[in-house]
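Novice: sequence first, then the predicted structure:
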Amino acid sequence: MALATIEIPSQNARCKSIVESLYKALAAGESTTVANLMASDLEGWFHSPPQCQHMMKVLTGEADWAEFVFEPRTITAIDGGTVIAEGWPEGAAVQGSYWVHVWTVSEEGLIVQFREYVNTWLTVRVVSPTKCGVDVAGLGNGHPHHHHVIGTLWQSQPCPNFTGRWPMPGLVLAI
């Protein structure tokens, strides 16, 4: 007699599904669902001018759900509960409309941290302590542990509508 197997989703798949549910709830204006997906003490970081902090305005109630439409072009889960969503409105040619959201999902399945980047090319790199004697900047600090960049986990994808229209700064997020 064969035993039944139960598929248990990986942590990455589970975290990605939670963030996908968040965007679906946002699109439908389901504020209760949005609130249930997030920790009550959500930590938010916003790396853009105040007028471009679209998600922050939606999450705090400063803007209506429909004021800025968040339709992710990509949603990618990486190790450690981090999920990255990237998007821009269809035909977007307005500065302030390309965004990257970095969400952190706890083991309990709640979103506990959020970072919003607007008009910024983002590169996510994993950094790890090592005893190689050289830190990320290449400057030894006399301590036995330094940091070593292991590799790029994720990078913004160029939006054809933005290429060459205005300069966008680049930012490296080390995790």
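Specialist: That came through, no problem.
Novice: which strands and helices lie in contact with whatever helix or strand residue 125 lives in?
Specialist: Secondary structure from DSSP states H and E places residue 125 in strand 121-130. Helices and strands touching strand 121-130, by 3 or more Cβ pairs under 8 Å, 6 or more residues apart in numbering; DSSP states H and E, are strand 82-87, strand 99-105, strand 146-155, strand 170-174. The way it works is simple: take the backbone N, C-alpha and C, and place the C-beta from them, glycine included.
Novice: in its sheet, what does the second one sit against?
Specialist: Strand 99-105 has its sheet partners listed here by DSSP bridges as strand 82-87 (antiparallel), strand 111-118 (antiparallel).
Novice: now the shortest one - C-alpha only, CSV.
Specialist: By that I understand strand 82-87. Taking C-alpha atoms only, strand 82-87 is exported to CSV below (Å, rounded to 0.1, in the frame of the first residue of the first chain):
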residue,chain,number,x,y,z
THR,A,82,12.2,38.5,1.7
VAL,A,83,9.9,39.1,-1.3
ILE,A,84,10.6,41.7,-4.0
ALA,A,85,7.8,43.1,-6.2
GLU,A,86,8.5,45.5,-9.1
GLY,A,87,6.1,47.4,-11.2
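Novice: what residues does it touch?
Specialist: Contact with strand 82-87 is made by 15-16, 18-19, 23, 70-78, 98-105, 122, 124, 154, 156-157, 175, as judged by Cβ atoms under 8 Å, 6 or more residues apart in numbering.
Novice: try 6 Å this time
Specialist: Residues outside strand 82-87 that contact it (Cβ atoms under 6 Å, 6 or more residues apart in numbering): 15-16, 19, 71-77, 100-104, 154.
Novice: got the angle between that strand and strand 121-130?
Specialist: Angle between the axes of strand 82-87 and strand 121-130 is 170 degrees (criterion: axes from the mean of the first three to the mean of the last three Cα atoms, to 10 degrees).
Novice: again, but for the longest one
Specialist: With the same axes, to 10 degrees as the criterion, the two stretches strand 111-118 and strand 121-130 enclose an angle of 130 degrees.
Novice: which residues touch strand 111-118?
Specialist: Taking Cβ under 6 Å, 6+ apart as the rule, strand 111-118 contacts 37-39, 43-48, 52, 55, 96, 99-106.
Novice: I'd like to know which of these are buried.
Specialist: 37-38, 46-48, 52, 55, 99-105 (16 or more other Cβ atoms under 10 Å).
Novice: thinking again about what came up before, in its sheet, what does the strand holding residue 125 sit against?
Specialist: Partners of strand 121-130 in its sheet, by DSSP bridges: strand 146-155 (antiparallel), strand 170-174 (parallel).
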